[in-house]
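Participant: how would this look folded up:
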Amino acid sequence: MTENNHNKNNKADETTTSDAPTLKQTMASVASAFIGIQSGKNRQRDFSQGKFSHFIIAGIIGVVFFISMLVLVVSMVLPE
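Facilitator: Numbers count the residues shown, from 1 in each chain. Modelled structure (predicted):
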């Protein structure tokens, strides 16, 4: 009986660590949040298994990318 409980605990630990969002999933979640189309399932995964610092860093990278693209487009459109 004790061995059975031990196996259940190992399975719970494995699912907790392996279900953390990957870099691609984190960036996709941040991009979806920027435009407001994130699914409830992904949002729940992010809040329950994601690390706050990863989303902050991904958000800062997303903002820098967005502002850089705006500056690039505006500089191409406006005459010098």
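Participant: contacting residues around the one residue sitting closest to the centre of the chain?
Facilitator: For the chain, residue 26 is the residue whose C-alpha lies nearest the centre (C-alpha atoms, centre = their mean; 1.9 Å). Neighbour list for residue 26: 46, 50, 54, 55, 58 [criterion: C-beta atoms under 8 Å, 6 or more residues apart in numbering]. (C-beta placed from N, C-alpha, C; glycine too.)
Participant: which of the residues you listed lies closest to residue 80?
Facilitator: Of all the contacts of residue 26, residue 80 sits closest to residue 58, with 34.2 Å by C-beta to C-beta.
Participant: element containing the closest residue to that closest one other than its chain neighbours, please.
Facilitator: Excluding the flanking residues, the one nearest residue 58 by C-beta to C-beta, 6 or more residues apart in numbering is residue 30, at 4.3 Å. Per DSSP states H and E: residue 30 is located in helix 23-35.
Participant: Which strands and helices lie in contact with the longest helix seen in the chain?
Facilitator: In the chain, taking DSSP state H as the definition, the longest helix is helix 52-77. The elements that helix 52-77 packs onto, with contact taken as 3 or more C-beta pairs under 8 Å, 6 or more residues apart in numbering; DSSP states H and E, are helix 23-35.
Participant: Out of the helices and strands in the chain, which is least certain?
Facilitator: Ranked by mean pLDDT, DSSP states H and E, the weakest helix or strand in the chain is helix 2-18, scoring a mean of 50.
Participant: Tell me the gap between stretch 69-77 and the middle of its chain.
Facilitator: 27 Å (C-alpha atoms, centre = their mean, to the nearest Å).
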